[in-house]
Each structure stands twice: as C-alpha cells, then as structure tokens.
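J.: build me a model:
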Amino acid sequence: MLRSAIIATVLAVAAPATAGNDPVVVELFTSQGCSSCPPADRLMHDLAKRDDVIGLALHVDYWDYIGWEDEYADPNHTLRQRAYARQGGRTMIYTPQMVINGQHDVVGAQSRELERLINAHLTAAPEAEVVAKRSGNEVTVDVTPVELPEGETFDVRVVQYSPMRHASIRRGELAGHELDYANVVESWQVAGQWDGVAPQRFLAELTSDLPAVVLVQRVGHGPIVAAARVK
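T.: Here you go, the predicted model:
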C-alpha cells in the first residue's frame, strides 16, 4: 500500500530519496493540439530539473485531426498510452496524463497528487538495480535483481530525448502560442528481455547524440522496476 507523504507546495521541492533508490519515472502524454496540456507541460519543466525523477514527454497523435499536427507526436506513444490503459483496466485515453513508474496515473496537472505518488515510489523498497554507461553511441546496461517476483519477464528499454524543443503553433486549440517542451522523447528501443533471475548485461546502439535513459519494465507495459540515466 502506498504511504502518504507530506506534500510540498512547490513541485520542484522534493523529499530526499532513500539512499540507493532509482529515480522515479514520470511519463507525460501530451499534445500540441490539446488546450488543457500547457499546465502539465510546465510541470514537466520542473520534473526535468530533478535528480530523483526521470521525466519524459511523449507527444501523441490522436488530436492532430482538430487542426494542428503535433510535430513531435509519434503513433507509438499513443500505442504505449493505450497499453497502459488496458493494463489499468481503463477504456479511455486522454491528455494530459502522467503515468508514474508504469503503475499509477494522474489526470492533468495535479501537482499535489503527483508529488504524493513520486514520494511513495522514492521510499519503496528497490526491486532491481540498473547501471547504464555510454561509450560513443554504444550503451552497456547492467541489470541486477534485488527482490523481484518469480516468473516475470522484463523489457530493458533505452529511450532518447531532447532536453528542450520549441513549437510555434499556428492552428488548432492553441493557435498563436509559442511553447517550449522539456524532455521530448525522440526514440525508443528494446535492448533485450531479462528474466530477472540473475545479473545480466545488455548492449544497445543509440540513434543520435541525444541524452538517454534506461527503463526496466515488466513485459506488457507493467511496472517499471528500475531506471537510470545513461552516463
């Protein structure tokens, strides 16, 4: 059960993480065609500054039909959001939505509930460890089990993102807005699958010089059990 935490009134002020815990992964499903998204997009700027959080903005394409095609949208982001919905027993997807460690979601820019969930995950017992190192465009990923359920399989996902992207929106619900987006996901690959039984090493080739993170996630868009920035 999640434990309640004292909630900071400013998102950028966070409770310290338990020593050794991985950062918490917060995925924001957003769109340049969504008039409700800018407050959540601004929260992502705050999340991007934190060491104890990996914030990722996944732009979706299902609002493109209302007048503006999101230039950062990827249909695979929509598929990932739909998979989370199925996993959580939901029939609808929406923007803006934040998904925390692949397990819990927050509607819109609810910073207090988001902070409560982040703190709960920061203080939870670790299930696995991951270390990722970069040499040129090659990444070496080492995963180690700590306390994982038996019989599960995990995807080792490597994600690259742009720390900042700008958009001049000319049509749609946000016509006339000049907006900056933080940590925009640009590429996504699965380096391999891990049975979680023993330590294992994976290799991946990055597609660009952009920064990268590694997510260890139960197959089927289940919980993210470990995450790390590539160093």
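
J.: buried residues in the lowest-mean-pLDDT helix or strand in the chain?
T.: When the helices and strands of the chain are scored by mean pLDDT, DSSP states H and E, strand 104-107 comes last with a mean of 94. By 16 or more other Cβ atoms under 10 Å, the buried positions in strand 104-107 come out as His104, Asp105, Val106. Any C-beta I mention is one placed from the backbone N, CA and C, and that applies to glycine too.

J.: let me see the ranges of the strands in the protein.
T.: Along the chain, counting by DSSP state E, strands occupy 24-30, 53-59, 97-100, 104-107, 128-135, 138-145, 154-168, 178-194, 200-205, 212-218, 224-229.

J.: worst average pLDDT in the ones you listed?
T.: Sorting those by mean pLDDT places strand 104-107 lowest, at a mean of 94.

J.: could you export it as PDB, CA atoms only?
T.: Provided in PDB are the C-alpha atoms of strand 104-107 (Å, rounded to 0.1, in the frame of the first residue of the first chain):
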ATOM      1  CA  HIS A 104      -0.200   4.900 -11.300                       C
ATOM      2  CA  ASP A 105      -1.600   7.800 -13.300                       C
ATOM      3  CA  VAL A 106      -2.500  11.500 -12.600                       C
ATOM      4  CA  VAL A 107      -5.000  13.500 -14.500                       C
END
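
J.: sheet-wise, list the partners of that strand with their directions.
T.: Taking DSSP bridges as the criterion, strand 104-107 forms sheet pairs with strand 97-100 (antiparallel).

J.: and Glu138, how many neighbours?
T.: Neighbourhood size, Glu138 [other Cβ atoms under 10 Å]: 11.

J.: ok, it to Glu27 distance?
T.: Distance, Glu138 to Glu27, by Cβ to Cβ, to the nearest Å: 25 Å.

J.: can you lay out the buried residues of strand 104-107 as CSV showing distance to Arg86?
T.: Listed next are the buried residues of strand 104-107 as CSV, based on distance: Cβ to Cβ, whole Å:
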residue, distance to Arg86
His104, 15
Asp105, 13
Val106, 18
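
J.: which one of the residues you listed sits closest to Ile93?
T.: Asp105 (10.2 Å; Cβ to Cβ).

J.: for the closest one, name its beta-bridge partners.
T.: Val99.

J.: that one reaches Gln97, doesn't it?
T.: Yes: look at Asp105 against Gln97 with Cβ atoms under 8 Å: they come within range, at 5.7 Å.

J.: nearest spatial neighbour of the residue nearest the centre of the chain, chain-adjacent residues omitted?
T.: Closest to where the C-alpha atoms of the chain average out (Cα atoms, centre = their mean) is Glu27, at 3.1 Å. Distance criterion Cβ to Cβ, 6 or more residues apart in numbering; nearest residue to Glu27, sequence neighbours excluded, is Val99 at 4.6 Å.

J.: so what's Glu147 closest to, chain neighbours aside?
T.: Here the residue nearest Glu147, using Cβ to Cβ, 6+ apart, is Glu127, at 5.5 Å.

J.: let me fix that, I meant to ask about Thr30.
T.: Per Cβ to Cβ, 6+ apart, closest to Thr30 is Cys37, 4.7 Å.

J.: neighbouring contacts of stretch 151-158?
T.: Residues from elsewhere that reach stretch 151-158 (Cβ atoms under 8 Å, 6 or more residues apart in numbering): 128, 130, 132, 139, 141, 143, 188-196, 202, 204, 206, 212-219, 222, 225, 230.

J.: switch to 7 Å and redo it
T.: Under the contact criterion Cβ atoms under 7 Å, 6 or more residues apart in numbering, stretch 151-158 has outside partners 139, 141, 143, 188-196, 202, 204, 212, 214-219, 225.
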